[in-house]
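A.B. asks: Make a model of this:
(3 chains)
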Amino acid sequence: MQQTPIIVWLRNDLRLEDNPALFYAAKQMCPVILLYIYSEDDQRPYPIGAAAKWWLHHSLKAFSKSIAEQLILRKGNVLDILLELAEKTKARAIFYNKRYSPHEISHDATYGKELLKKGLEFKAHDGNLLIEPSELLNQQGKPFQVYTPFYTAAMKFFDVKEPLSIPKELQFYSQNLASLSLDALDLLPKTEWTKGIQEAWNPGEEGAEKELSSFCKNNQASYAKDRDIPSVMGTSRLSPHLHFGEISIRKVYAKTWNNESYRRELYFREFAHSLLFHFPETPSKPLHARFLHFPWKKNEIFLQAWKKGLTGYPIVDAGMRELWQTGWMHNRVRMIVGSFLVKHLLISWHEGLKWFWDTLVDADLANNTFGWQWVAGCGADAAPYFRIFNPTLQGEKFDPEGLYVKKYVPELSLVPPKYIHKPWKMEASELKICGVELGKNYPHPIVDHDKARVYALDCFKKLSADSK
DNA sequence: TGAAATGTTGGGGCG
DNA sequence: ACGCCCCAACATTTC
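C.D. replies: Numbering: from 1, shown residues only, chains lettered A, B, ... in the order given. Below is the predicted model of the structure:
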C-alpha cells in the first residue's frame, strides 16, 4: 500500500526551483501529485487574455516536460476537482503558493474553508513575492502610497530569503490518474496570429533561466543606460516569466541585487502587488476618488487608431504594433502610449488597461493596474497631471536614429532620422522620395500635439480645482 | 520616469 | 572702446 500523497496545486508558479509548495511537499517523503486546473470560475472576474492564454499553453507544456509528463491537467470547477482527486487518491493535504490578486485571495479562502470541512489540509506557502504585502506598512500601520518610502522601508526592514533548491527526488503518485491533454484546455487561438509572439519568446522555466543568465551576462552593467532605449534589448524581459512564476522572484533578486536600478524595478513589482492587496478596487476604480468624475471621452475611432498603431505618431504606433506582434512592449514605450491615450486622446485609462490585459503576454493585474493608474495620474505616486509626454521628443530622446520605429512601422523605413518622429514636417517632395504619402500609407497625426496638450491641461486642472 | 514658457548670462557682430 | 542687439545655452518656473 502506497503512502497517502500530497497534492501540489500549481497556479502561477510553474517552476521546479524555489517553489516552496513543491519543495515542502517533496520534503514530506511521500508521493506528490502535481496538478494544474484551468478554471474559468477561478479566474473570475478577470479571465485571462488571449496572449496570456497562448503563453500559458506553452508554459504548461514546458513544465510538464520538465517532470517527465507527470503534470495532471484538469479543467472545470476547482473545488469539485480537488475534492474528487483527494478522495480518489486519499491525499491528506493540498499545498499551494499564495496568490495576491483580490479575487484570487478570496477564491483561495473559499476553497480552504470547504476543504477543511472535508478534513483536508490546504496549506499556503510564500513564493511569489519578496515581501508579503500585509507585512510592510508605514509607521501609522497603513500601506505605503508613495514608492520611495516603500522602497526605503523594504531595504531597511526586510531581508530576501535565499531561493530553495529543486527537490532532489520527486516521488510521483504512481497510480494512473486521469489527465486532460493540453490541447483539451483549448488555450490556443483559432486563427493563427501568434507567429510573432512565438518568435519573440520561449515560455517555461528553461526559457526564463536563459533570459536571466543572458541578462546577467550581457546587459546588467549597461542596464541603467540601455533600459530606456527600446531598440536595444536592454531590459531583462522577464515580466511574462515572472507573471507565470516560471522563475522565482527571489532567484532573480539573488542574481541581480547589486544592480541598484534593476533592483528598484523589482521593487516596483512589489509595490504594485502591495497596492492591489490593500486597495482591491483599483483595477476598476481610481485610487483617488476625484477621478471618478473625470470627463473621459468615448471615441471609438481614436481608440481603434491607438490599438492598431495608426495614430500618426511614429513612436506610439511602433509601440502599439510591437505589442500586437510580440505580445509585449518596452517599458519606456508603455509610458508613452499610455500617456498618449489618456492625455492626448482623453480616453479612460481603463480602456488601455483592458487592451493591455488582452494583448500582453505578461498581463498582470497588479502591474497593469498600477501602471495605468500611474500614467493617468489617478493612482499611487502618480504622474502629476501636467506631465504630458511629447511623443516626438520622447522618440527623439530614446530612439534617436528611429531604429525602433522603423522595425515596427516599415512604411517609414526610408525617412531620415531628422524626421522619423515627425514625418508631417517634411516637404511633400521629400515625403514622396521616402515613399510616404500621409493620409494614404501612413496617417496624419490624429490629434495636434500642442492643441491636445493645452486641452488636456485644462481638463486636468479643472479636476484638481474642483476637488479643492 | 516631462515639456514649455520664461528668465538669465555671455559671447560676438556691428555701428 | 563702447553700447546695443541678437541669440544660443543654460537655469528656473510653470503647467
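
A.B. asks: alpha carbons only for contacts and neighbour counts from here, please
C.D. replies: Will do.

A.B. asks: Going along the chain, name the strands of chain A.
C.D. replies: For chain A, the strands defined by DSSP state E occupy A:6-10, A:32-38, A:72-75, A:93-97, A:121-125.

A.B. asks: Count the residues that sit near A:His444.
C.D. replies: With neighbours defined by other Cα atoms under 10 Å, the count for A:His444 comes to 17.

A.B. asks: Repeat that for the one 3 residues further on.
C.D. replies: A:Val447: 15 surrounding residues under other Cα under 10 Å.

A.B. asks: Enumerate every residue touching it.
C.D. replies: Counting by Cα atoms under 8 Å, 6 or more residues apart in numbering, A:Val447 touches A:His344, A:Leu345.

A.B. asks: what pLDDT does the residue of the stretch 151-300 of chain A found nearest DNA strand B get?
C.D. replies: Nearest to DNA strand B, among the residues of the stretch 151-300 of chain A, is A:Glu265, at 6.2 Å (Cα to the nearest atom of the strand). The score at A:Glu265 is 96. That number is its pLDDT.

A.B. asks: Equivalent analysis for A:Asp466, please.
C.D. replies: In this prediction, A:Asp466 has a pLDDT value of 61.

A.B. asks: Tell me the residues on the stretch 351-468 of chain A that lie near DNA strand C, please.
C.D. replies: If contact is defined as Cα under 7 Å from any atom of the strand, the residues of the stretch 351-468 of chain A in contact with DNA strand C are A:Phe386, A:Arg387, A:Leu457, A:Asp458, A:Lys461.

A.B. asks: which of those tops the neighbour count?
C.D. replies: Ranked by neighbours (other Cα under 10 Å), those are led by A:Leu457, which has 18 neighbours.

A.B. asks: Show the contacting residues for that residue.
C.D. replies: Shown in contact with A:Leu457 (Cα under 8 Å, 6+ apart): A:Tyr385, A:Phe386.

A.B. asks: gap between it and DNA strand B?
C.D. replies: Using Cα to the nearest atom of the strand, to the nearest Å, one gets 9 Å for the distance from A:Leu457 to DNA strand B.

A.B. asks: Same check on A:Tyr404?
C.D. replies: A:Tyr404 sits 17 Å away from DNA strand B when distances are taken as Cα to the nearest atom of the strand.

A.B. asks: burial measure for that residue, as a count.
C.D. replies: The burial count assigned to A:Tyr404 is 21, neighbours taken as other Cα under 10 Å.

A.B. asks: and the residue of the stretch 51-200 of chain A nearest DNA strand C?
C.D. replies: Residue of the stretch 51-200 of chain A nearest DNA strand C, by Cα to the nearest atom of the strand: A:Val146 (18.7 Å).

A.B. asks: Mind pulling the model confidence for the nearest residue to that residue once chain neighbours are set aside?
C.D. replies: Leaving aside its sequence neighbours, A:Val146 sits nearest to A:Asp381 (Cα to Cα, 6 or more residues apart in numbering; 4.8 Å). A:Asp381 is assigned a predicted lDDT (pLDDT) of 92.

A.B. asks: Which residue is the nearest non-sequential neighbour of A:Gln325?
C.D. replies: Distance criterion Cα to Cα, 6+ apart; nearest residue to A:Gln325, sequence neighbours excluded, is A:Gly196 at 5.1 Å.

A.B. asks: does A:Lys251 really touch A:Val160, like I thought?
C.D. replies: No - A:Lys251 is beyond contact range of A:Val160, at 9.8 Å (criterion: Cα atoms under 8 Å).

A.B. asks: where does chain A come near DNA strand B, residue by residue?
C.D. replies: Applying Cα under 7 Å from any atom of the strand, one finds that chain A approaches DNA strand B through A:265, A:268, A:332, A:383, A:386-391, A:393-394, A:450.

A.B. asks: of these, buried ones?
C.D. replies: Under a neighbour-count criterion of 16 or more other Cα atoms under 10 Å, the subset of these counted as buried comprises A:Phe268, A:Ala383, A:Ile388, A:Phe389, A:Asn390, A:Pro391, A:Gln394.

A.B. asks: list the contacts for the first one?
C.D. replies: Taking Cα under 8 Å, 6+ apart as the criterion, A:Phe268 is in contact with A:Tyr147.

A.B. asks: repeat for the third one
C.D. replies: Applying Cα under 8 Å, 6+ apart, one finds that A:Ile388 lies in contact with A:Ser339, A:Phe340, A:Lys343, A:Arg453.

A.B. asks: same question, the fifth one
C.D. replies: Shown here is A:Asn390, whose contacts under the criterion Cα under 8 Å, 6+ apart are A:His449.

A.B. asks: Please apply the same query to the one 4 residues further on.
C.D. replies: Listed by Cα under 8 Å, 6+ apart, the contact set of A:Gln394 reads A:Ile336.

A.B. asks: buried residues in stretch A:303-318?
C.D. replies: Neighbour-count burial for stretch A:303-318, with 16+ other Cα under 10 Å as criterion, is recorded at A:303, A:305-318.

A.B. asks: returning to that earlier point: let me know the closest of the contacts of A:Ile388 to DNA strand C.
C.D. replies: The shortest approach to DNA strand C among these belongs to A:Arg453, at 9.3 Å (Cα to the nearest atom of the strand).

A.B. asks: wait, doesn't that closest one sit right on A:Lys343?
C.D. replies: Yes - taking contact to mean Cα under 8 Å, the distance of 7.2 Å between A:Arg453 and A:Lys343 places them in contact.

A.B. asks: higher neighbour count, the two?
C.D. replies: The neighbour count for A:Arg453 versus A:Lys343, taken as other Cα under 10 Å, is higher for A:Lys343 (29 against 21).

A.B. asks: Tell me who's in contact with the more buried one.
C.D. replies: In this structure, A:Lys343 makes contact with A:Ala376, A:Ile388, A:Ala452, A:Arg453, A:Ala456, judged by Cα under 8 Å, 6+ apart.

A.B. asks: on that earlier part again, any idea how far the residue of the stretch 151-300 of chain A closest to DNA strand B lies from A:Asn259?
C.D. replies: The gap separating A:Glu265 from A:Asn259 is 10 Å, by Cα to Cα, to the nearest Å.
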